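S.K.: Using only what follows, build the 3D model:
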Amino acid sequence: MEDPANAYLNKTAEEKYADFSEVDPFPEIPDALLNSTDIFKYILTTGMIYPFELANLSGATYTCEFSGEYIFWDDKRIKHKQNLPIDKELVIKPNSIVFLGIKQTFNIPEYMVLRFNLRVRNAYKGLLLGTGPIIDPGYTGNLFIPLHNLTSNEYCIKGNAALIEVEFTKLSFNNTWGMKNDNLKNIINSLKFGSVPYIPKPFTSKRDTEKYDVYIEQSLVGDPKFTKRDTTTLFINSSFEEEIINIKTLQENTNKKIKEIDHLKNLLTITICTVVFAGCTLFASTCIYFCNACKIPETNKKLEEQQIINEQQKSFLNTMEDRIQVLENQKIKEGETP
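M.R.: Now for the predicted structure:
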């Protein structure tokens with residue numbers, strides 16, 4: 001006959017959650033941030049994370065992977081929801097937000113709360129998830145996490161890439177979570193969790209702060225499933241910094257263009273003034289010409305009249321000279337008379 005404890009552990013996560021979503025199988029575990037051994041007990045008993053892999057469990061957290069499903073909106077505000085093929089990768093562009101699906105399914109009992117954040121290695125990439133979002137008690141289902149790339153780097157991520165770390169906190173005790181089913185009590189009491197084959201060891205080595213640049217650079221290329229796209233040059237800087245540089249460059253170019261336009265405006269002003277002055281001069285000259293042209297007939301008429309007067313005066317003088325000559329001749333003749 002099969003051991004009841006083994007039979008229970010082989011039940012599905014949904015069946016375990018149905019048994020213990022409102023019943024605490026380990027009331028003796030204090031309400032606190034759980035260590036790896038207690039996390040192991042609750043996961044195997046309540047099915048609160050599925051699938052469960054022992055290798056993902058560390059001292060106080062459980063590592064969850066990218067499922068390959070993602071959502072994002074493009075620059076035209078069009079929504080894209082896709083699932084990566086196993087041999088493809090998603091490129092996370094600079095200064096962008098993408099919602100990444102988590103592979104594990106969560107079945108959170110009423111007496112437990114989960115908090116998640118990026119793995120440290122991913123935080124070293126310059127990515128931002130947020131400050132400790134929580135998974136509420138009673139939540140069942142999968143997660144999409146909003147990942148912000150505030151750097152100028154492009155990152156490539158594949159399915160099953162280690163993405164976030166989850167911590168488990170047990171809520172303060174409530175009498176309604178007491179176990180009322182004697183059969184469940186017997187099963188839980190028969191579980192041999194003392195023989196768990198893996199107990200995570202705490203870190204005993206101290207990292208050299210002088211070598212943190214090495215750790216940061218390693219975070220960019222150390223995980224083949226989640227890495228910087230261009231690995232020839234390793235750096236992390238803000239995409240806003242590049243935008244500021246671009247804005248400054250644009251501003252400098254704009255200032256140069258404004259100076260060139262001002263210079264052209266000055267030249268245009270001088271040209272317009274010169275044209276206006278030339279136009280005024282031409283207009284004045286034209287006016288003088290037409291005024292003088294209008295005076296020519298009058299002048300010619302006066303000249304003709306003066307010529308007539310001169311002819312008349314000349315004729316008068318000739319006549320007078322002739323008369324004088326006649327008188328002188330008469331006088332001479334009279335003087336010769338005895």
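
S.K.: Let's check: the centremost residue of this protein is which one?
M.R.: Against the mean C-alpha coordinate of the chain, by CA atoms, centre = their mean, the closest residue is N95 at 4.9 Å.

S.K.: Check whether it really touches N149, as I assumed.
M.R.: Yes: using CB atoms under 8 Å, N95 is in contact with N149, at 6.8 Å. For every residue, glycine as well, the C-beta is placed using N, CA and C.

S.K.: and the residue nearest to the centre of the chain, what are its phi and psi?
M.R.: phi 50, psi 50 (degrees, to the nearest 10).

S.K.: Do you have the strands of the stretch 151-300 of the chain handy? List them.
M.R.: Remark: strands assigned in the stretch 151-300 of the chain by DSSP state E, counting those that start in this stretch are 155-157, 162-170, 226-228.

S.K.: Take the ones you listed and write them to JSON lines, including mean neighbour count, mean pLDDT and distance to E321.
M.R.: Below are the strands of the stretch 151-300 of the chain laid out as JSON lines (neighbours: other CB atoms under 10 Å; pLDDT from 0 to 100; distance: least, CB to CB, whole Å):
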{"stretch": "strand 155-157", "mean neighbour count": "21", "mean pLDDT": "92", "distance to E321": "127"}
{"stretch": "strand 162-170", "mean neighbour count": "20", "mean pLDDT": "94", "distance to E321": "137"}
{"stretch": "strand 226-228", "mean neighbour count": "22", "mean pLDDT": "75", "distance to E321": "127"}
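
S.K.: Distance to I187 for those strands - can I get that in a markdown table?
M.R.: Shown next, in a markdown table, are those (distance: least, CB to CB, whole Å):
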| stretch | distance to I187 |
| --- | --- |
| strand 155-157 | 41 |
| strand 162-170 | 20 |
| strand 226-228 | 40 |
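
S.K.: Tell me which of those strands approaches P25 most closely.
M.R.: Using CB to CB as the measure, strand 162-170 is the one of those that comes nearest P25, at 11.7 Å.

S.K.: Please list the residues outside that closest one that contact it.
M.R.: 29-34, 38-39, 42, 49, 56, 58, 60-66, 100, 102, 111-119, 121-122, 129, 135, 145, 157, 223, 225-226 (CB atoms under 8 Å, 6 or more residues apart in numbering).

S.K.: That strand: how far from the chain's middle?
M.R.: From the chain centre to the centre of strand 162-170 is a distance of 30 Å (CA atoms, centre = their mean, to the nearest Å).

S.K.: what about dumping the CA coordinates of that strand to CSV?
M.R.: Taking C-alpha atoms only, strand 162-170 is exported to CSV below (Å, rounded to 0.1, in the frame of the first residue of the first chain):
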residue,chain,number,x,y,z
ALA,A,162,16.2,33.6,-14.7
LEU,A,163,14.4,36.8,-14.2
ILE,A,164,13.0,37.5,-10.7
GLU,A,165,13.5,36.3,-7.1
VAL,A,166,10.5,35.8,-4.8
GLU,A,167,10.5,35.9,-1.0
PHE,A,168,7.8,34.5,1.3
THR,A,169,6.4,36.1,4.4
LYS,A,170,3.9,34.4,6.7
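
S.K.: mind showing which ranges of this structure have poor pLDDT?
M.R.: 1-6, 130-132, 190, 192-220, 231-246, 293, 295, 335-338 (pLDDT under 70).

S.K.: would you list every one of the helices in it?
M.R.: Taking DSSP state H to define them, one finds helices in the chain at 4-9, 13-20, 36-46, 120-123, 182-190, 212-221, 239-336.

S.K.: Tell me which of those is the most buried.
M.R.: Sort the helices of the chain by mean neighbour count, taking mean count of other CB atoms under 10 Å, and helix 36-46 sits at the top with a mean of 20.
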